[in-house]
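In: Give me a 3D structure for the following:
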Amino acid sequence: MNWYLQSGNEADVAISTRIRLARNVNGFTFALKKDGEREKLEDKIKEAIFSVGYGLQFLRLKDMDDMTKMSLVEKHLISPDFALNKNETGSILINEEENICIMIGEEDHLRIQVFSSGLDLENTMNLAVELDEKLGNLLGYSISKKYGYLTSCPSNVGTGLRASVMLHLPALSMTGNDKKILETLSGIGVVVRGGYGENSEVEGQIYQISNYQTLGVSEKDIVQNLKVIVEQVMKQERQARKFLTKDAITLEDKIYRSYGILTNARKISTQETMKLLSMVKLGTDLGILPQMTDAKMKELYLYTKPANLQKYKQEQYEVIERDIKRAEIIKQIIEKN
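Out: The predicted structure follows:
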């Protein structure tokens, strides 16, 4: 089963964990603008993956249709900018479970990404480091004795590590404490963004929390510091949920209204779905909707997004028709035994 359909640790609040390592290969310019340089780098990487293992498959963006590329974005496996690259010069290495996805030729030569469901920073980090060391031994990374790994953007120099956790924080939003807490995080070296990273909006009260500093601190310390911060935010969210349950009727009314619209709508947009799913997930995690499960929520979040909806139905639809099909899929998933 793909990692994004699995239930993870602390799944009531933590959606997923990602470890990303930015790496560049010796002997190649960072921008890869010289004739044939990108192809030479890709050939070198393709040779290396046979020795690395993990069942990695090499795929070029230019060989994918737009729907496939956007389905990868919706799964958070590649960045929107990478998918929308008009020159289609990028490529990826990806395994069957899709918990490993390496972007080749995004901002850096390699963006090594390892994913897991729920809160699982240490294990995800261990796999990323293991994979990174194997690739580094075969490819030879650009490293400075003084600064560490060299990257296209100075903000990634050092470890080149971005650790991030997706958190569902509906109760903090409903009690009006989300902005205060998230502003505090920004003051202690943590970046808070929407689900699709830089410049993305927050949808359905899902926030991406990641480290900012990569230079002068170890990978282990980055992960440990982020874990402490994330656990504090999760604690605050759970306290806010307890506060909301004091007015049980009002809370249950909001949850059941959201559930009612989802189960009875004849057509529904992505944006409205995300908003309603946030309340239904809250009701699921609090035991207010016993007919719902974490597995159903995972499917609802994935298969209601435009590209993955069409992949699920194996058809292409215009916007209005997608909204109709989305309502059908929601009902099908919710009514599963």
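In: what's the helix or strand for residue 107?
Out: Secondary structure assigned from DSSP states H and E places residue 107 in neither a helix nor a strand.
In: again with residue 308
Out: Residue 308 belongs to helix 306-313 when assigned by DSSP H and E.
In: cool, residue 50 as well?
Out: helix 37-52.
In: other SSEs contacting that helix?
Out: Packing partners of helix 37-52 (3 or more Cβ pairs under 8 Å, 6 or more residues apart in numbering; DSSP states H and E): strand 57-60, strand 91-94, strand 100-104, helix 121-139. Glycine gets a C-beta too; all of them are placed from N, C-alpha and C.
In: Let me have the ones you listed in a markdown table, adding mean neighbour count, mean pLDDT and distance to residue 162 as columns.
Out: Formatted as a markdown table, the helices and strands packed on helix 37-52 follow (neighbours: other Cβ atoms under 10 Å; pLDDT from 0 to 100; distance: least, Cβ to Cβ, whole Å):
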| stretch | mean neighbour count | mean pLDDT | distance to residue 162 |
| --- | --- | --- | --- |
| strand 57-60 | 14 | 94 | 23 |
| strand 91-94 | 23 | 96 | 17 |
| strand 100-104 | 25 | 97 | 13 |
| helix 121-139 | 18 | 96 | 11 |
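In: among the ones you listed, which is nearest residue 145?
Out: Closest of those to residue 145 is helix 121-139, at 15.4 Å (criterion: Cβ to Cβ).
In: Downstream of that closest one, the next helix or strand is which one?
Out: Tracing the chain past helix 121-139, the next element assigned as helix or strand by DSSP H and E is strand 143-144.
In: In three-state terms, label the spatially most central residue of the chain for me.
Out: The centre of the chain sits closest to residue 76, judged by Cα atoms, centre = their mean, with a distance of 3.9 Å. Counting by DSSP: H, G, I helix; E, B strand; the rest coil, the backbone at residue 76 sits in coil.
In: Tell me the predicted confidence for residue 37.
Out: Listed pLDDT for residue 37 reads 86.
In: got it, and residue 81?
Out: According to the per-residue confidence, residue 81 scores 89 in pLDDT.
In: Now it: closest residue in space, sequence neighbours ignored.
Out: Among residues not flanking residue 81 along the chain, residue 106 sits closest, at 7.6 Å (Cβ to Cβ, 6 or more residues apart in numbering).
In: Any buried residues in the helix holding residue 50, and which?
Out: Neighbour-count burial for helix 37-52, with 16 or more other Cβ atoms under 10 Å as criterion, is recorded at 38, 41, 42, 44, 45, 48, 49, 52.
In: Alpha carbons only: can I get that helix in PDB?
Out: This file holds the C-alpha atoms of helix 37-52, laid out as PDB (Å, rounded to 0.1, in the frame of the first residue of the first chain):
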ATOM      1  CA  GLU A  37      25.100  18.400 -19.400                       C
ATOM      2  CA  ARG A  38      21.600  17.400 -18.100                       C
ATOM      3  CA  GLU A  39      21.600  14.200 -20.200                       C
ATOM      4  CA  LYS A  40      25.100  13.300 -18.900                       C
ATOM      5  CA  LEU A  41      24.000  13.800 -15.300                       C
ATOM      6  CA  GLU A  42      20.900  11.700 -15.900                       C
ATOM      7  CA  ASP A  43      22.900   8.900 -17.400                       C
ATOM      8  CA  LYS A  44      25.300   9.000 -14.400                       C
ATOM      9  CA  ILE A  45      22.300   8.800 -12.000                       C
ATOM     10  CA  LYS A  46      20.600   6.000 -14.000                       C
ATOM     11  CA  GLU A  47      23.800   4.000 -13.700                       C
ATOM     12  CA  ALA A  48      23.900   4.600 -10.000                       C
ATOM     13  CA  ILE A  49      20.400   3.500  -9.200                       C
ATOM     14  CA  PHE A  50      21.100  -0.200 -10.100                       C
ATOM     15  CA  SER A  51      23.600  -0.300  -7.300                       C
ATOM     16  CA  VAL A  52      21.500   1.700  -4.900                       C
END
